[in-house]
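# Pasting the sequence and the predicted coordinates here, then a few questions.
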Amino acid sequence: MLRLLRRFLTRSWFQFWRFLATYLPIKGKRTRAKRKIFTQTSSSLPVVNEELVGTGATNGRLTLPTKPQRETEVTPAPFVRREESPTPPLPRRERRLSRSYPKNIATGAVPAPLPPNEESRLRALQRYKILDTSPEEAFDDLTALASYICGTPIALVSLVDKHRQWFKSKVGIESTETPREQAFCAHAILYPDELLVVPNTLEDERFAGNPLVQSYPEMRFYAGVPLVTPDGYAIGTLCTIDRVPRNLTKDQLEGLRALGRQVITQMELRINVGKLERTINKRKRVEAALRRSNLQLRNTLQELKQTQSQLIQNEKMSSLGQLVAGVAHEINNPVTFIHCNLPYVSGYVQDLLEFVKLYQKEYPEPSQAIQERAEAIDLNFLTADLPKVLSSMKVGTDRIHQIVLSLRNFSRLDEAANRQFNIHEGIDSTLLILQHRLKPTADFIGIEVIKEYGKLPLVECYAGQLNQVFMNLLSNAIDALEEAKDNPAPQIRITTSVLDGNMVVIRIGDNGTGIPEAVMRQIFDPFFTTKPVGKGTGLGLSISYQIIVDKHGGMMKCLSEAGKGTEFYIELPITNR
């Protein structure tokens, strides 16, 4: 109620003096009793007498502009002063302000001059990257604490930009910014080391006509501590505002200073946190790039090792193929001579035996010497056994010939051509190479090979590579059966069939100990092996998988049950296109 009454009386007093200034004639020389009007027009700016304000002369009175306005151009001004009613002198640090910056015509506000380091100050403000950001709890807490300590309904963290003041945090007010020319804080930042305290804005010429005083939020009290950066730039204030005139105690002023320092500390912390986040993010990106590089290097190294081992393996198999081919050729030549001459020898022997029989028939009583010789060589046994010997020789040469053919077939490991191939011949050739491991020994009872061959067409494939797959699978099966020494009947079962008319199915299984489930998940991984060091490269199954799946477009999987054995299942397209 008192506030409303005071506003009414103030406005009535202003209107009364405005009436006198407008309608009463002023004649003669100016005297102490005559009224002086501080006028504003759109065509001229009032100027405060610099000598008067700067020195405090003429009893602190304000005078009209040096060039009087015509009565027809007089516009009612918000302030009317009598010469005999002196205005209290301005503080020393504000005298330069009044000398150089008159009131704003449109608003009645006295805009603050620009600091001499304005460009650097604005750069310092922009460095914080805080303008137009969302509210933050840390600043809101400091603003609320300033309002509580000073006992004011309004408190702000105000940042003075080029053409505005923007509120990072606010209590008791809805606005987010105001024009800089109306900003109290623009005055406060002129002296970074001092607080600006305005006990009563209506009694301060800089602010009495300010829209923030004349209308919402009707500021009557202002206290602001400059927010000074570590390099000395005042970028804004922490201020408290009240709607009634008042003063702050010494403790409240010190508390406001301390909170102002905390605001700057928080802003510096905000920058440092941002830098730290960027540093952390950069380090994370570098670490991620290093991890990717390390992973690529590991993969590349593994691929190189795999390629090297595969080349070594292929070289070994190629050398073995060349060796086998050479041995087969060397064996085949003499065996071929024997094999080809056996029919003639058999004929000759048969003729001789018939001649002996005829001689015995014609001369049943031979001479004593012939009879003794016949008994010495056991002629009857020779005539009966010689055909058997020749027959067994023929069987042996046939077997050698079959072995040579198998060796020649296996020697196709170094062939790179894609051609039609007899799967059964490839399996049999591999079994022949591994025959010595299938036979019984003093420590092993031997392995039975059960073949269940279906009627297969010729398969278009890389024959040498398929023989390598058969060698790996059969060798692993033999290894598993040799480890299971308590198995009374070790067996390898080989089954072939045709699937859907366009695929060949090959199953190679054993009745060994089986493969654990944990090992099954890695069984086709390069360099993975369960064998002791030095007994395996860990590439056999990996290479076999690549040959079947990648090279021939087939499918290969492992089926195993602990204690019952393992089976490898292969599907190959009949036509590899």
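Looks like it came in fine.
# Sort out which residues of stretch 202-212 are buried, please.
Asp204, Glu205, Arg206, Phe207, Ala208, Gly209, Asn210, Pro211, Leu212 (16 or more other CB atoms under 10 Å). For glycine as for every other residue, the C-beta is placed from the backbone atoms N, C-alpha and C.
# ends of that stretch, how far apart?
Across stretch 202-212, the terminal residues are separated by 11 Å (CA to CA, to the nearest Å).
# Tyr191: which element?
Using DSSP states H and E, Tyr191 maps to neither a helix nor a strand.
# follow-up on the earlier one: of the buried residues of stretch 202-212, which is the nearest to Arg243?
Compare each of the buried residues of stretch 202-212 with Arg243 using CB to CB and the shortest gap goes to Leu212, at 11.0 Å.
# ok, the closest one touching Ser175?
No - with contact defined as CB atoms under 8 Å, Leu212 does not count as touching Ser175 (9.4 Å).
# ok so, going back, just the ones of the buried residues of stretch 202-212 in helices?
Pro211, Leu212 (DSSP state H).
# who's in contact with stretch 168-181?
When contacts are defined by CB atoms under 8 Å, 6 or more residues apart in numbering, stretch 168-181 is touched by residues 104, 107, 109, 111-112, 130, 133, 135-136, 139-140, 142-144, 146-147, 152-167, 186, 212, 217, 236, 241.
# where in the protein is pLDDT low?
Counting by pLDDT under 70, the chain shows low-confidence ranges at 1-108, 306, 308-333, 337, 399, 401-417, 526-539, 577.
# Quick one: the helices in the stretch 251-400 of the chain, in order.
For the stretch 251-400 of the chain, the helices defined by DSSP state H, counting those that start in this stretch occupy 368-377, 379-410.
# now the buried residues of stretch 202-212 in JSON lines, with distance to Gln302?
Below are the buried residues of stretch 202-212 laid out as JSON lines (distance: CB to CB, whole Å):
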{"residue": "Asp204", "distance to Gln302": "80"}
{"residue": "Glu205", "distance to Gln302": "83"}
{"residue": "Arg206", "distance to Gln302": "78"}
{"residue": "Phe207", "distance to Gln302": "77"}
{"residue": "Ala208", "distance to Gln302": "83"}
{"residue": "Gly209", "distance to Gln302": "81"}
{"residue": "Asn210", "distance to Gln302": "76"}
{"residue": "Pro211", "distance to Gln302": "75"}
{"residue": "Leu212", "distance to Gln302": "73"}
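# for the buried residues of stretch 202-212, which one is nearest Lys388?
Of those, the one sitting nearest to Lys388 (CB to CB) turns out to be Leu212, at 132.2 Å.
# any idea how far that closest one is from Arg206?
12 Å (CB to CB, to the nearest Å).
# list residues touching both of those two?
Counting by CB under 8 Å, 6+ apart, nothing touches both Leu212 and Arg206.
# Which helix or strand contains Ala155?
Applying DSSP H and E, one finds Ala155 within strand 154-160.
# Mind giving me the packing neighbours of that strand?
Other elements packing on strand 154-160 under the criterion 3 or more CB pairs under 8 Å, 6 or more residues apart in numbering; DSSP states H and E are helix 137-150, strand 164-171, helix 184-188, strand 221-228, strand 234-242.
# if we can go back for a sec, now a ChimeraX select for only the buried ones of the contacts of stretch 168-181.
Applying 16+ other CB under 10 Å to the contacts of stretch 168-181 leaves a buried subset, and the ChimeraX line that selects it is:
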select :104,107,109,111,112,130,139,142,143,146,147,152,154,155,156,157,158,159,160,161,164,165,166,167,186,212,217,236,241
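# For whichever strand or helix holds Leu541, C-alpha coordinates in CSV please.
Taking DSSP H and E as the definition, one finds Leu541 inside helix 540-545. Provided in CSV are the C-alpha atoms of helix 540-545 (Å, rounded to 0.1, in the frame of the first residue of the first chain):
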residue,chain,number,x,y,z
GLY,A,540,44.6,-79.0,-41.0
LEU,A,541,40.9,-78.5,-40.3
SER,A,542,41.1,-74.8,-41.1
ILE,A,543,42.6,-75.4,-44.5
SER,A,544,40.1,-78.2,-45.1
TYR,A,545,37.2,-75.9,-44.3
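# Show me what it packs onto, helices and strands only.
Short answer (3+ CB pairs under 8 Å, 6+ apart): helix 540-545 packs on helix 250-362, helix 463-483.
# one more time with 10 Å
For helix 540-545, the packing partners by 3 or more CB pairs under 10 Å, 6 or more residues apart in numbering; DSSP states H and E come out as helix 250-362, helix 463-483, strand 555-561, strand 565-573.
# For Pro192, which of the ones you listed is the nearest?
Nearest of these (CB to CB): helix 250-362, 10.6 Å.
# Might you calculate how far that closest one sits from the centre of the chain?
Centre-to-centre, helix 250-362 and its host chain are 27 Å apart (CA atoms, centre = their mean, to the nearest Å).
# Stretch 114-134 now?
Distance, stretch centre to chain centre, for stretch 114-134: 36 Å (CA atoms, centre = their mean).
# So which residues make contact with that stretch?
If you take CB atoms under 10 Å, 6 or more residues apart in numbering as the criterion, stretch 114-134 is touched by 101, 136, 139, 157, 159-162, 164, 166, 168, 176-177, 180, 186, 189-192, 227-236, 264, 267-268, 270-271, 274.
# how about 7 Å then?
The contact list for stretch 114-134 (CB atoms under 7 Å, 6 or more residues apart in numbering) reads 159, 161-162, 166, 168, 189-190, 229, 231, 233-235, 267, 270-271.
# Just the buried residues from the residues you listed, in PyMOL please.
Filtering the contacts of stretch 114-134 down to the buried ones (16+ other CB under 10 Å) takes a single PyMOL command:
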select buried, resi 159+161+166+168+189+190+229+233+234+235+267+270
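# State the distance from Ile445 to Asp132.
Counting by CB to CB, the gap from Ile445 to Asp132 is 88 Å.
# do Leu276 as well
Distance from Leu276 to Asp132, by CB to CB: 23 Å.
# and if you look at Leu432?
Applying CB to CB to Leu432 and Asp132 gives a distance of 85 Å.
# These two - which one has more neighbours?
Just comparing Leu432 and Asp132: by other CB atoms under 10 Å the higher neighbour count belongs to Leu432, 17 against 10.
# circling back: turn the helices and strands packed on strand 154-160 into JSON lines, including distance to Ser346.
Shown next, in JSON lines, are the helices and strands packed on strand 154-160 (distance: least, CB to CB, whole Å):
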{"stretch": "helix 137-150", "distance to Ser346": "111"}
{"stretch": "strand 164-171", "distance to Ser346": "116"}
{"stretch": "helix 184-188", "distance to Ser346": "127"}
{"stretch": "strand 221-228", "distance to Ser346": "121"}
{"stretch": "strand 234-242", "distance to Ser346": "119"}
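# To Arg283, which of these lies closest?
Using CB to CB, the nearest of those to Arg283 is helix 137-150, at 25.3 Å.
# Show me what that closest one is packed against.
strand 154-160, strand 164-171, strand 234-242, helix 250-362 (3 or more CB pairs under 7 Å, 6 or more residues apart in numbering; DSSP states H and E).
# Which stretch among those is buried most, on average?
Highest mean neighbour count among these (mean count of other CB atoms under 10 Å): strand 234-242, with a mean of 28.
# picking up where we left off before, now tabulate the helices and strands packed on helix 540-545 in a markdown table and tack on distance to Val549.
A markdown table is the format used below for the helices and strands packed on helix 540-545 (distance: least, CB to CB, whole Å):
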| stretch | distance to Val549 |
| --- | --- |
| helix 250-362 | 15 |
| helix 463-483 | 11 |
| strand 555-561 | 6 |
| strand 565-573 | 10 |
